[in-house]
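[1] Fold the following and give me the result.
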Amino acid sequence: MCMFLYTYLVESKDIEFGWLNKQTRVFEKFNLSNQKISFYSIEGKFLREEVFSMERVNLNDIPEAENNQMNGFKVNSHINWFTLPGTGYVYEYDRLKHKFSRIDSTFYRGFNFQSFQFYHNGKLFSLGGTGFWNVHSNLVFFDPKNGEWELVKTKGELKPDNILFQYVGFNEKTNKIYLIELKEEYEENPTTLYRFFELDLNSFSWKFLGTLDLAYFQNYKIKSFQSSWLDGLFYFHDRSDFILLGDPVKNELYMYTGNKNVFFGDELANYSKNDTIYSILSDKTKGDISVRFDFITKKELYTSLKRINSFYGKPLLPWDTKDISLGFLSVMMLSGGFYIFKLRKRQRSTYKRQVVLSPEQSVWDLLPSSGKTILDYVLEHGCNYMFTTDEISIILGCDKKAFDTQRQYRSKFISNFNAFFEENFQISNAIYRISSEEDKRFVCYQISEEALSEYRNLLNGIN
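    Alright, predicted model coming up:
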């Protein structure tokens, strides 16, 4: 049974975090500094306090940042596990012994922020995540015997590359995980299509189901596929007046037509129990204590859904089959598609090179906005400087925007930057990815020496 529960650390003199025990519908605020638990009703009324002991807990390991998230899971009737995102730390609370202890032996941190974590069949899993300027799709599980996280080998001819929890849902009835894959950081020909996958937890096999078209969702003022999982449905709100819900099993997309619009939102915690779905707006500064509580029956919800389309489009090519004839057809279609793509790209490049410049203009006036800024930045730090995605976002002025929006800004900029040097100086991959020197699993970016040389010529008045 999956219990993916959000908790938050509170910025104060004390180190504390709160979480909602969905079985008892009680908020529990753990104060690790004075070793006390405060219990509150789901409406926010104080109930009681309880003292506990600690073992192998170093408070310096836990940041005091406001709204720093922790995740909680029910292991059995008296054991709960808690994880600290961005680390491999796993804490256990034993309700019979009233003891809070750290049970992992890891020391690595910074790799799995925003991972999707879930407890299933007696194991704690973590899927995807981001860190060190890289988003990955690894599936790992926690082994309490050795206190380490172990890699799970998954099957499938086509697998996702980039996974964050905001795009994932776990259907406990089908024993399957569904997810919308993030776009690549650098995509040469970006589209509004996002790949949609299924992971069968019985066989740990991936299946490519099709694509979602963000352009269609934008008709309903939904700008991102960041979503929440609600009783077998993805629900998309994006602070829009429209609420869309996608059913991955039936492949149906619905619009909510009921009158409980405030029930949905990215600041609300929704969960289902029996025949009812609950919605809670919490005060994160008070350890996740409820400030608004509402509920809706599943019957009421489903009778308020209006079908508007299919949730995802079926794949045009049989990526998920081993049929030889279909495989051959796929290769033929790909070959034809590649030829058309190269032809269009050649035509597009020829057209762009025909741009007429006035006598006052230079070819460098065609460089994308912020292009000179990033070139100056690299020259200032040295021609071999490896810069991060965060640095690109800051230079582009989009570092305060949503995570997925930043990725789109960076992808468009890199694509246009490389196209500029390709078309005007015949330099390929002016910006390219390179493995981090600190950890080869992660990537940074560099500007090629050829591109920098052309820019130096400009600065020296040669061009």
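[2] for the residue nearest to residue 447 when sequence neighbours are not counted, helix, strand, or coil?
    In this structure, residue 447 finds its nearest non-sequential neighbour in residue 378, 5.1 Å apart by C-beta to C-beta, 6 or more residues apart in numbering. Yep, even glycine has a C-beta here, placed from its N, CA and C like the rest. Look at residue 378: counting by DSSP: H, G, I helix; E, B strand; the rest coil, its state is helix.
[3] Okay, residue 378 and residue 397: tell me how far apart.
    As for residue 378, its distance to residue 397 is 18 Å (criterion: C-beta to C-beta, to the nearest Å).
[4] more crowded one of those two?
    residue 378 (22 against 12; other C-beta atoms under 10 Å).
[5] Need the per-residue pLDDT for residue 248.
    pLDDT for residue 248: 96.
[6] got a list of what it touches?
    169, 171, 178, 196, 198, 209, 234, 311-312 (C-beta atoms under 8 Å, 6 or more residues apart in numbering).
[7] What sits closest to the most centrally placed residue in the chain if chain neighbours are left out?
    Closest residue to the average C-alpha location of the chain: residue 164 at 2.3 Å, with C-alpha atoms, centre = their mean. The shortest distance from residue 164 to any residue other than its chain neighbours is 4.5 Å, reached at residue 114 (C-beta to C-beta, 6+ apart).
[8] Torsion angles phi and psi at residue 411?
    Note on residue 411: its backbone torsions stand at phi -60, psi -40 [degrees, to the nearest 10].
[9] could you dump the contacts of residue 248 to CSV with neighbour count, distance to residue 141 and secondary structure?
    Putting the contacts of residue 248 into CSV (neighbours: other C-beta atoms under 10 Å; distance: C-beta to C-beta, whole Å; DSSP: H, G, I helix; E, B strand; the rest coil) gives the following:
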residue, neighbour count, distance to residue 141, secondary structure
169, 23, 19, strand
171, 19, 19, strand
178, 24, 19, strand
196, 26, 24, strand
198, 19, 19, strand
209, 19, 24, strand
234, 24, 24, strand
311, 23, 29, coil
312, 22, 28, coil
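[10] Farthest pair within these?
    Comparing every pair within those by C-beta to C-beta identifies 171 and 312 as the most remote, at 14.8 Å.
[11] can you give me the strands in the stretch 301-450 of the chain?
    Under the criterion DSSP state E, counting those that start in this stretch, strands of the stretch 301-450 of the chain are mapped to 305-309, 431-435, 443-447.
[12] With mean pLDDT as extra columns, can I get the ones you listed in JSON lines?
    Listed next are the strands of the stretch 301-450 of the chain as JSON lines, based on pLDDT from 0 to 100:
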{"stretch": "strand 305-309", "mean pLDDT": "94"}
{"stretch": "strand 431-435", "mean pLDDT": "81"}
{"stretch": "strand 443-447", "mean pLDDT": "83"}
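[13] To residue 83, which of these lies closest?
    Per C-beta to C-beta, nearest to residue 83 of the strands of the stretch 301-450 of the chain: strand 443-447, 25.4 Å.
[14] which residues sit against the closest one?
    Against strand 443-447 from outside (C-beta under 8 Å, 6+ apart): 133-134, 185, 374-375, 378, 383-389, 392, 414, 430-436.
[15] That'll do, ta.
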